[in-house]
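S.K.: Quick one, fold the following:
(one chain, ligands or ions: 1)
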Amino acid sequence: MLGTAWPSVGEVSELITNVGELVTSAPDGEPGPAGAGPFAVIGDAALVIEDGRVAWTGPASRAPAADTVTDCGGRAVLPGFVDSHAHLMFAGERCHEFAARMAGQPYQAGGIRATVAATRAATDAELLANASGLAQEMLRQGTTTLECKSGYGLTVTDERRAVALAATLTGEVTFLGAHVVPPEYAADPAGYVDLVTGPMLAACAPYARWVDVFCERGAFGEEESRAVITAGQAAGLAARVHANQLGHGPGVRLAVELGAASADHCTYLDDADVAALAGGRTVATLLPGVEFSTRHPYPDARRLLGAGVTVALATDCNPGSCFTTSMAWCVALAVREMGMTVAEAVWAATAGGARALLRTDVGHLGVGARADLVLLDAPSHTYLAYRPGVPLVAAVWRDGELAAGARP
Ligand SMILES: [Zn+2]
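M.R.: Okay, the predicted model is just below:
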């Protein structure tokens, strides 16, 4: 039979219509939170997908014809979540540590070493199965772009396999050899920094887009962090920094100084940190699931937004300090616990995450954007915070194709 091979899937257009509320956050929309970007909503809307991209958005009554039509029944559609901070390449779990914390024991960066031991003992297949299971869990909850870090191998061989396996899941792979100093280097942390910035970086850079460092008491200090980031940048990687999670420190200012795309956590900030973020282009990525799971105080999102800082939200999915994959829950926490408006939080979980990854093709539904969208079983994006903990994602499109849930 001839003829069944075309038109190819990419040439078929899909009209998504009867959308009660379409969040586009399109670049030509109204100014959004703190001037960080537009949070644009269209009522009674429609959207056309063509070649995996958004081809048109506007009122449903003016929608053009398309090859197929999907009727959303008045429900809300928003851009797929962009989770710009996740640690998925690990083995084992630490639920007993969580229970102990809830019984009063403090969180310490050293807990990472327990996961390092389990990760080194795992096979490639076990690591990939765990990570891809979590990536699927993210997708079902509306996350269409995810970042994935190494950092639980901490040998040249184990870090290289972590970034190589991560690269099969996402293009946003981060080399985090400087997560913590492994036990075998406890007496020689400088030697470990030499390893990270030398042979480990050389082995991992071909698989990674990003370099990251845990700049924190108990992990890496200012000069060690600077050495890690600048070596990564010299190897062609862009920078992001774990900064100011457990206490005040130099991480945020270092991230801004070195031009990092994002400073992540930003829980303990002084005025100079906020001023540095406001004066630079580094996004403040807030990870409220961590504060929930460690009983630390939440970051002061209002202070950052008030200073004009671009804020992103991400999960920090990891087995120690926050084992969630739910961006919707992070939105709810940000609204309830960090004083963000619903619009600010949804923007931060979509367009903000894209900014933190230096991406302009995702995190919004402007014409030309990648057709990554989420259909909610709800009439408004507000339900993400209004009905916390409820699975509201009905369907997810990624690259213009239905990727999770069911087409209505
Ligand atoms: Zn992290």
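
S.K.: quick one: low-confidence ranges for the stretch 101-250 of the chain?
M.R.: 107-110 (pLDDT under 70).

S.K.: what about the strands in it?
M.R.: 143-149, 172-178, 210-215, 238-243 (DSSP state E, counting those that start in this stretch).

S.K.: Make CSV from these and add mean neighbour count to it.
M.R.: Quick note: C-beta positions are derived from backbone N, CA and C, even for glycine. Conversion of the strands of the stretch 101-250 of the chain to CSV gives the following (neighbours: other CB atoms under 10 Å):
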stretch, mean neighbour count
strand 143-149, 27
strand 172-178, 28
strand 210-215, 28
strand 238-243, 27
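
S.K.: May I see those organised as JSON lines, with distance to A261 added?
M.R.: Formatted as JSON lines, the strands of the stretch 101-250 of the chain follow (distance: least, CB to CB, whole Å):
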{"stretch": "strand 143-149", "distance to A261": "10"}
{"stretch": "strand 172-178", "distance to A261": "11"}
{"stretch": "strand 210-215", "distance to A261": "8"}
{"stretch": "strand 238-243", "distance to A261": "6"}
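
S.K.: what bridges to the residue nearest to M327 when sequence neighbours are not counted?
M.R.: Excluding the flanking residues, the one nearest M327 by CB to CB, 6 or more residues apart in numbering is F81, at 3.8 Å. As for beta bridges, F81 partners with T143 under DSSP bridges.

S.K.: separation between F81 and A351?
M.R.: Noted for F81: a distance of 11 Å to A351, by CB to CB, to the nearest Å.

S.K.: Figure out which of the strands of the stretch 101-250 of the chain is closest to E184.
M.R.: Of all these, strand 172-178 sits nearest to E184, with 13.8 Å by CB to CB.

S.K.: Dump the C-alpha coordinates for the closest one into CSV.
M.R.: Provided in CSV are the C-alpha atoms of strand 172-178 (Å, rounded to 0.1, in the frame of the first residue of the first chain):
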residue,chain,number,x,y,z
GLU,A,172,19.2,19.6,30.7
VAL,A,173,21.9,17.5,32.4
THR,A,174,23.9,19.0,35.2
PHE,A,175,27.3,17.8,36.4
LEU,A,176,27.3,18.0,40.2
GLY,A,177,30.5,16.2,41.2
ALA,A,178,30.8,18.9,43.8
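
S.K.: Which residue ranges of the stretch 1-150 of the chain form helices?
M.R.: Here the stretch 1-150 of the chain has its helices, by DSSP state H, counting those that start in this stretch, at 95-102, 112-121, 124-140.

S.K.: any chance of the ones you listed in TSV, plus distance to V342 and mean neighbour count?
M.R.: Shown next, in TSV, are the helices of the stretch 1-150 of the chain (distance: least, CB to CB, whole Å; neighbours: other CB atoms under 10 Å):
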stretch	distance to V342	mean neighbour count
helix 95-102	28	14
helix 112-121	34	18
helix 124-140	21	17
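
S.K.: any chance of those helices in JSON lines, with distance to R281 too?
M.R.: Converted to JSON lines, the helices of the stretch 1-150 of the chain look like this (distance: least, CB to CB, whole Å):
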{"stretch": "helix 95-102", "distance to R281": "35"}
{"stretch": "helix 112-121", "distance to R281": "29"}
{"stretch": "helix 124-140", "distance to R281": "27"}
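
S.K.: I'd like to know which of the ones you listed lies nearest to A45.
M.R.: helix 124-140 (23.7 Å).

S.K.: Which elements pack onto that closest one?
M.R.: strand 143-149, helix 156-166, strand 393-398, strand 401-405 (3 or more CB pairs under 8 Å, 6 or more residues apart in numbering; DSSP states H and E).
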